[in-house]
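**Student:** below is the sequence, then the predicted model.
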Amino acid sequence: MLENYPVIIIGAGIAGSTLALKLSELRPDLTILVLSKSALSECSSFMAQGGIASEYKTSESDIETHIEDTLKAGRYMNDEDTVRWWAHQTEHGIDQLLKWGVVFNSEMALEGGHTTRRIFKVEDQTGKSIMNVLWDKMLEQKNITIIQNASVVDIQKDSVQNIFHVDFVTDQLTQNRIRAKHVVFASGGLGRLIAPSTSSPIATAEVMGMAIQLGVQTNFLSCVQFHPTGLFLRNVKQTLLISEAVRGEGAKLVNSLGDYFMVRYDKRKDLAPRDIVSRAIFEEMKLTDSDCVYLDARNISKEEWLYKFPYIYAQLVRYNLYPEKNLIPVYPVAHYMCGGIVTDTNGSTSIDGLYAVGEVSCTGIHGYNRLASNSLSEAVVFGLSLAQFLSEKDISFDNEYSSRVLSEKKSNERDNEITTEMNLISETLYAVFKDQKTKEEVEELISFYEHTFKLNQEKSTLHYSLIVVIRLLKDYHMRFTNNNIQIQHV
């Protein structure tokens with residue numbers, strides 16, 4: 001394997017794959033390396049049930065409606081100029097996916113916070129369908145190299161040569177060092193730092209921690225979106241997501257007493273934005289002293305379930321739940337990071353040569369809260385934009401050297417200790433959001449984790465994840481402990 005690459009993309013989800021594929025088409029002379037922390041199918045994009053939001057081949061007024069829905073969901077904390085630019089680019093994103101071979105359902109879907117049906121879907125496995133197409137196309141490109149099960153363990157910048165050293169460990173436990181002129185973070189969010197979650201086990205945010213240590217700017221890190229309807233299962237870290245589109249088909253939320261409650265919280269009821277629905281559920285759980293609420297989807301026939309939501313139906317049946325007959329126990333679970341590494345519309349960060357796309361980035365699209373199905377279209381649009389930007393730069397890089405094997409990394413008892421500590425962190429952060437911890441309680445947590453970080457200077461997943469945890473808590477302390485964002489009853 002070569003040591004020098006013009007572009008290294010860390011992450012093989014929809015953002016990283018869109019970027020790699022488009023850049024390879026625009027610049028077939030470039031050699032592009034994509035590092036996937038796990039097997040490709042373990043990324044969060046692959047698990048996405050929902051779809052891609054776009055006002056496709058519609059009027060300017062329809063696009064304006066999408067913009068307003070997005071700003072309203074984000075509580076107008078979005079960057080409006082960026083939202084407007086992106087909303088007009090989503091049609092181009094859909095066209096590119098269609099050109100590459102993605103086949104969407106003919107019927108558009110409705111999800112919470114959207115005032116019209118504008119969601120492109122492929123049943124209830126949209127992410128899987130898109131990613132299989134993108135990965136197949138990438139494997140056809142001779143100038144793309146994909147390494148699976150490659151965990152990045154350190155990134156350093158050589159300011160003299162203006163290049164980056166990227167160290168990663170393969171599944172053979174061999175640590176390698178490669179060099180790049182341009183490094184793209186497409187590594188996803190921090191969902192597994194908060195549990196329960198819908199996120200893949202690999203979403204531990206250590207690569208974002210490396211970016212923060214290099215000095216990139218971040219914003220909105222504490223604006224973590226909770227999906228209102230994760231399947232309630234005891235003692236699990238990752239749970240099944242019950243798509244918002246199920247409520248789009250008329251399903252309703254009831255509490256443990258059987259009372260329909262969303263009418264008390266928002267005029268949009270069950271189709272209010274996710275932050276409002278999640279906080280309402282937490283409130284009902286507290287009022288009724290219950291561990292969950294219930295999704296009543298008995299208005300949807302078995303035939304409709306099998307046609308529109310075959311994957312969800314099959315998973316529910318595994319737990320002896322037949323949604324056409326049974327109430328589905330649900331509760332809010334960590335789902336998406338609305339903030340991240342600050343970028344412009346080209347994906348550029350505050351550090352020259354470093355870029356971010358997808359969930360790891362903070363583009364200004366989402367503000368305080370993401371509108372359903374905007375994230376996949378954001379990933380595609382910004383991936384295409386960054387591909388165009390990089391294709392116009394002189395980023396050729398000679399390949400005189402071979403990759404260097406730095407060491408043989410051995411698994412030991414410390415790895416098990418780190419896993420235990422990460423689990424404790426995830427439970428603590430979930431409680432911060434669920435219980436809305438006070439200013440003093442958050443300050444105590446910040447002090448505790450800063451002390452823990454000082455004791456964990458060995459470069460590891462825990463070391464870099466703690467950087468993210470501390471910055472998230474500081475952001476939370478600034479935004480939420482003064483009660484400036486609270487749920488309102490109607």
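**Tutor:** Alright, I've got the coordinates. All of these numbers come straight from a predicted model, not from anything done at the bench.

**Student:** please name the nearest non-neighbouring residue to residue 189.
**Tutor:** Nearest non-adjacent residue to residue 189, counting by CB to CB, 6 or more residues apart in numbering: residue 337, 3.7 Å away. Placement of C-beta: from N, CA and C, glycine included.

**Student:** from what I can see the one you found touches residue 187, true?
**Tutor:** No - under the criterion of CB atoms under 8 Å, residue 337 makes no contact with residue 187, lying 11.1 Å away.

**Student:** where do the contact lists of those two overlap?
**Tutor:** residue 360 (CB atoms under 8 Å, 6 or more residues apart in numbering).

**Student:** can you tell me how far the closest residue to residue 46 other than its chain neighbours sits from residue 339?
**Tutor:** In this structure, residue 46 finds its nearest non-sequential neighbour in residue 131, 4.8 Å apart by CB to CB, 6+ apart. When distance is defined by CB to CB, to the nearest Å, residue 131 is 24 Å away from residue 339.

**Student:** do residue 363 as well
**Tutor:** From residue 363 to residue 339 the distance is 10 Å (CB to CB).

**Student:** can you pull the contacts of residue 227?
**Tutor:** If you count contacts by CB under 8 Å, 6+ apart, residue 227 has them with 198, 241, 244, 274, 278, 332-336.

**Student:** lowest-pLDDT helix or strand in this protein?
**Tutor:** Between all helices and strands in the chain, the lowest mean by mean pLDDT, DSSP states H and E belongs to strand 404-408, at a mean of 52.

**Student:** please save the CA atoms from the helix or strand containing residue 387 in PDB.
**Tutor:** For residue 387, the host element (DSSP states H and E) is helix 374-391. Taking C-alpha atoms only, helix 374-391 is exported to PDB below (Å, rounded to 0.1, in the frame of the first residue of the first chain):
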ATOM      1  CA  ASN A 374     -32.600  16.300   6.000                       C
ATOM      2  CA  SER A 375     -29.400  14.600   7.100                       C
ATOM      3  CA  LEU A 376     -29.000  12.200   4.200                       C
ATOM      4  CA  SER A 377     -29.700  15.000   1.700                       C
ATOM      5  CA  GLU A 378     -27.200  17.200   3.500                       C
ATOM      6  CA  ALA A 379     -24.600  14.500   3.300                       C
ATOM      7  CA  VAL A 380     -25.100  14.000  -0.400                       C
ATOM      8  CA  VAL A 381     -25.200  17.800  -1.200                       C
ATOM      9  CA  PHE A 382     -22.100  18.600   0.800                       C
ATOM     10  CA  GLY A 383     -20.200  15.500  -0.400                       C
ATOM     11  CA  LEU A 384     -20.800  16.600  -4.000                       C
ATOM     12  CA  SER A 385     -19.800  20.200  -3.200                       C
ATOM     13  CA  LEU A 386     -16.600  19.100  -1.500                       C
ATOM     14  CA  ALA A 387     -15.800  16.800  -4.500                       C
ATOM     15  CA  GLN A 388     -16.100  19.800  -6.900                       C
ATOM     16  CA  PHE A 389     -14.000  22.000  -4.600                       C
ATOM     17  CA  LEU A 390     -11.200  19.400  -4.300                       C
ATOM     18  CA  SER A 391     -11.300  18.600  -8.000                       C
END
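
**Student:** next, count neighbours for residue 267.
**Tutor:** Neighbour count of residue 267, defined by other CB atoms under 10 Å: 8.

**Student:** residue 387 now?
**Tutor:** If we define neighbours as other CB under 10 Å, then residue 387 has 26 of them.

**Student:** quick one: low-confidence parts of this protein?
**Tutor:** Under the criterion pLDDT under 70, the flagged ranges of the chain are 1-2, 172, 397-418, 481-490.

**Student:** buried residues, stretch 257-274. List them.
**Tutor:** Applying a neighbour-count criterion of 16 or more other CB atoms under 10 Å, one finds 261-262, 265-266, 268-274 buried in stretch 257-274.

**Student:** which of those fall within helices?
**Tutor:** residue 274 (DSSP state H).

**Student:** show me the helices in the stretch 151-300 of the chain, by range?
**Tutor:** 206-214, 244-248, 274-287 (DSSP state H, counting those that start in this stretch).

**Student:** and residue 446, what helix or strand is that in?
**Tutor:** helix 439-455.

**Student:** wait, residue 219 sits on residue 337?
**Tutor:** No - with contact defined as CB under 8 Å, residue 219 does not reach residue 337; the gap is 11.3 Å.

**Student:** neighbour count for those two, which is higher?
**Tutor:** When residue 219 and residue 337 are compared for neighbours, residue 337 comes out ahead with 31 against 15, by other CB under 10 Å.

**Student:** who does the more buried one bridge with?
**Tutor:** residue 224 (DSSP bridges).

**Student:** in contact with it, which residues?
**Tutor:** Neighbours of residue 337 in contact, by CB under 8 Å, 6+ apart: 189-191, 221, 223-225, 359-360.

**Student:** can you list the strands that the biggest strand by length in the chain pairs with?
**Tutor:** Under DSSP state E, the strand in the chain containing the largest number of residues is strand 174-185. Strand 174-185 sits in its sheet next to strand 4-10 (parallel), strand 163-169 (antiparallel), strand 354-356 (parallel), strand 404-408 (antiparallel), going by DSSP bridges.

**Student:** and of these, who's closest to residue 254?
**Tutor:** Closest to residue 254 of the strands paired with strand 174-185, according to CB to CB: strand 354-356, at 40.4 Å.
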